[in-house]
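> sequence and computational prediction follow.
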Amino acid sequence: MRILHLSDTHLTQAPGSDGDGVDPRESLRRMLHDCRAVPGLDVVVVTGDIADDGSAEAYTEAWELVGAFARRRRIPAIFSTGNHDDRAAFTAVLGSGHFDADGRDRPQARFDGADGERAAVTMVGGYRMVTLDSLVPGAGYGHISTAQLVWLRTVLADPAPHGTVLAFHHPPVAVPGVEFHSVLGLRNGQDLADQITGTDVRMMLCGHFHLQLFGMFAAVPVWVTPGVVTRIDLTAAPGAMRAVKGASASLIELGGPHSPVLHTLHARDPLAGHTAFEADAEEMAAVIAELGPAA
Ligand SMILES: [Fe+2]
């Protein structure tokens, strides 16, 4: 089982570069182009912040670019929401977010919450791919609703042939001492742990932090893939944030002798590693105060 894991494309309605000199559309195009020779992919998974501005145009662009890549290979393409996404616009364009190998919105199961939250299931080669919705409108941190977790428990009641992969935006793991991780990650990780302990969940795929990060949670490996649009460089001063240019993606290999094998791919961008934006500790404290008030 080989997954191409993308996240945080941050596409916008307006074409061209954003205020940091990064063109999100070009980053995604470049990443997909440079993955054209990667063999043996079974599915493409995009774990949220697909749109930066929640616009329908951004979801259409994501579908045109990622969908075309997946359809050429005759593999499913799966999308989930992040904190920058708009559920209504996402649904209008991407539906459940689960497209089969023919590009049709056809999940094997789906959850549609009262406030537009969505979760869905696609089976790929005996693996059960489940997207969850950790978006909290107006907040930077994540939370998975009780209704969604109850639905997840029913999905997991019957083991899949090779187990389950959960894909959602906000990581339940953090780098110790990095405040934006602890404040802006998944707030109710313990609720998720309670539902998946003892089940066939084998892997969790997340985004949001824009950097490659591995950790264990509820005895399950968690992988955070760097952003397609930018990568956060933790060599910045404590409390500060530096984002650098250069699109990245991850390859997730499951089922082999060393499973899970996790590998980061970098697009061939001559500006990779160049600073896109920096925020000092004071500026970051203001961002965290605005987006991550205590639950
Ligand atoms: Fe995010």
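Cool, got the structure.

> quick one, helices of this structure?
Under the criterion DSSP state H, the chain contains helices at 24-34, 56-62, 68-73, 87-94, 146-156, 179-184, 189-196, 281-291.

> pLDDT of stretch 12-29, averaged?
If you average the pLDDT over stretch 12-29, you get 88.

> ok so, going back, of the helices of the chain, which is nearest the ion?
The ion lies closest to helix 179-184 among the helices of the chain, at 7.7 Å (Cβ to the ion). C-beta here means a position set from N, CA and C on the backbone, and glycine is covered the same way.

> and T47, what does it touch?
By Cβ atoms under 8 Å, 6 or more residues apart in numbering, the contact list for T47 reads 5-8, 80, 82, 167-169, 205-208, 225.

> highest neighbour count among these?
With neighbours defined as other Cβ atoms under 10 Å, the most crowded of the contacts of T47 is S80; it has 33 neighbours.

> dump the residue contacts of it.
With contact taken as Cβ under 8 Å, 6+ apart, S80 is in contact with 46-48, 97, 131-133, 167-169.

> so in terms of bridging, what pairs with it?
T47 (DSSP bridges).

> is stretch 63-80 anywhere near the ion?
No - if you take Cβ under 5 Å from the ion as the test, stretch 63-80 misses the ion, and the best it gets is 11.3 Å.

> buried residues in that stretch, which are they?
Within stretch 63-80, the residues scored as buried using 16 or more other Cβ atoms under 10 Å are 63, 65-67, 69-70, 73, 75-80.

> got the end-to-end distance for stretch 79-87?
Start-to-end span of stretch 79-87 (Cα to Cα, to the nearest Å) is 12 Å.

> next to the ion, which bits of the stretch 101-250 of the chain? Give me the list.
Neighbours of the ion within the stretch 101-250 of the chain, by Cβ under 5 Å from the ion: H208.

> what residue in the stretch 101-250 of the chain comes nearest to the ion?
Nearest to the ion, among the residues of the stretch 101-250 of the chain, is H208, at 3.8 Å (Cβ to the ion).

> what's the distance between that residue and G163?
Distance from H208 to G163, counting by Cβ to Cβ, to the nearest Å: 24 Å.

> can you check L152 too?
Distance from L152 to G163, by Cβ to Cβ: 14 Å.

> just give me how far stretch 203-218 sits from the chain centre.
For stretch 203-218, the separation from the chain centroid amounts to 9 Å (computed by Cα atoms, centre = their mean, to the nearest Å).

> and it, what's buried?
203-213, 215, 217-218.

> what do you get for stretch 223-242?
By 16+ other Cβ under 10 Å, the buried positions in stretch 223-242 come out as 223-234, 236, 239, 241-242.

> between these, which sits nearest G185?
Using Cβ to Cβ, V224 comes nearest to G185 of those, at 9.5 Å.

> was I right about the closest one contacting F217?
No - the pair V224 / F217 is not scored as a contact, 11.0 Å apart, by Cβ atoms under 8 Å.

> common neighbours of those two, please.
V173.

> which of the buried residues of stretch 63-80 sit farthest apart?
Farthest-apart pair in the buried residues of stretch 63-80 is R73 and S80; separation 20.2 Å (Cβ to Cβ).
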